[in-house]
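Q: below is the sequence, then the predicted model.
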Amino acid sequence: MVFTGALESRWALVLAAFFEFIGAVFLGTAVAETFTQGIIKAMELDINVVWAALLSAVGWNVLAGYRGVPSSSTHAIIGGLMGAVFISIGFDAVIWWKIIEVLFVLILSPVLGILFGFILTRLTHKLFGTFSPKSVRKVFLRSQIVSSAALSLSHGTNDAQKTMGIITLALIILYAQNPEAVGYFYDGGAGSYIPLWVKISCASAISLGVLTGGFRIMKTLGGGIYKMRSVHGFSAQTSSAVIIYLSALLGFPVSTTQVVSSSIVGAGTAERANAVRWGVVGNILGTWLITVPSTVVIGGGIYLIIDAICEYI
């Protein structure tokens with residue numbers, strides 16, 4: 001929205017933050033439940049696993065954000081969690097068939113992003129090809145506000161749920177150890193429901209994160225890959241919103257960073273392949289490829305450090 005001129009940056013951030021909150025609180029918890037009971041055996045873990053996973057993911061994302069490279073928080077948290085689990089208990093605590101499903105969808109989603117972004121951009125060119133450039137720009141600048149809201153809704157319901165799942169995982173572990181102390185925050189009810197206070201806190205956090213800007217990443221996605229116009233923004237945002245929300249409904253924690261970035265590439269390729277700055281795309285792809293193995297190692301290492309500190313204390 002900012003780089004195509006649909007909205008000023010402050011209003012774009014406010015709009016995104018508002019719909020992120022709505023999506024996080026009201027559009028389901030299937031992704032969160034994947035983290036609490038789908039990919040690891042929660043009852044066998046100790047709380048240090050959660051600390052290690054969070055610290056490794058936060059550290060990795062802060063580093064990537066500082067460099068202006070869109071990094072996948074999904075890859076980072078899954079990698080950090082797996083690394084800590086491997087060191088803590090071993091490979092048997094991981095539900096491998098579900099991990100394989102999640103990783104397959106993580107690989108498939110950016111491919112779909114490129115495909116959908118390409119098709120939607122080509123379709124809009126055919127439908128509006130006879131219109132004047134000025135009128136086309138006006139239509140898609142307005143449409144982009146709607147597609148941005150839809151993308152923020154889908155992003156909120158997918159990305160905020162990952163943190164909801166991690167917090168609830170911690171509550172499950174702590175409740176099993178001391179029900180009386182944790183009962184005020186989590187009553188260990190049937191299944192792995194997500195408490196309302198967890199939903200609201202995670203929704204608030206992701207909204208505040210959006211409001212702080214993230215201008216380096218905005219610059220990379222808005223103008224670093226190619227000179228984006230409103231039609232590209234609309235196509236990329238609409239494609240991303242559909243893929244991310246459908247994944248959230250099915251309980252798959254996709255990388256919204258990957259989906260949005262690949263949809264932008266698909267939209268740009270539909271216009272003119274040589275307009276895309278493939279060097280920037282290569283840097284983003286390289287970051288994606290090393291995120292999971294790197295955070296596995298970092299998560300395992302942080303777990304060892306935390307465990308050693310706890311033994312010393």
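A: The structure has been received and is ready for your questions. Residues are numbered from 1 along each chain as shown.

Q: what are the ranges of the helices in the stretch 1-150 of the chain?
A: 9-26, 30-33, 47-67, 73-88, 96-128, 133-177 (DSSP state H, counting those that start in this stretch).

Q: any idea how far residue 106 is from the closest residue to residue 205 other than its chain neighbours?
A: Leaving aside its sequence neighbours, residue 205 sits nearest to residue 163 (C-beta to C-beta, 6 or more residues apart in numbering; 7.0 Å). Bear in mind the C-beta positions are built from the backbone N, C-alpha and C, glycine included. Here residue 163 is placed at a distance of 17 Å from residue 106 (C-beta to C-beta, to the nearest Å).

Q: where does the stretch 51-200 of the chain have low pLDDT?
A: For the stretch 51-200 of the chain, the stretches flagged by pLDDT under 70 are 65-71, 129-133, 136, 188-192.

Q: follow-up on the earlier one: give me the number of residues near the residue nearest to residue 205?
A: The tally of other residues near residue 163 (other C-beta atoms under 10 Å) stands at 22.

Q: touching, it and residue 203? I think so.
A: No - using C-beta atoms under 8 Å, residue 163 is not in contact with residue 203, being 9.6 Å away.

Q: got the angle between the helix or strand that contains residue 202 and helix 9-26?
A: Per DSSP states H and E: residue 202 is located in helix 196-211. Using axes from the mean of the first three to the mean of the last three C-alpha atoms, to 10 degrees, the direction of helix 196-211 lies 160 degrees away from that of helix 9-26.

Q: which other helices and strands does helix 196-211 contact?
A: Helix 196-211 sits against helix 9-26, helix 133-177, with contacts defined as 3 or more C-beta pairs under 8 Å, 6 or more residues apart in numbering; DSSP states H and E.

Q: buried sites along the next helix or strand along the chain from the longest one?
A: Using DSSP H and E, the next helix or strand after helix 133-177 towards the C-terminus is helix 179-182. Of the residues in helix 179-182, those buried by neighbour count under the rule 16 or more other C-beta atoms under 10 Å are residue 182.

Q: do stretch 19-34 as well
A: So, applying 16+ other C-beta under 10 Å, buried residues of stretch 19-34: 19-25, 27-34.

Q: picking up where we left off before, list the residues that contact both of residue 163 and residue 203?
A: Among the neighbours of residue 163, none is also in contact with residue 203 (C-beta atoms under 8 Å, 6 or more residues apart in numbering).

Q: contacts only, for residue 251.
A: For residue 251, the contacting residues are 30-31, 33-34, 38, taking C-beta under 8 Å, 6+ apart as the criterion.
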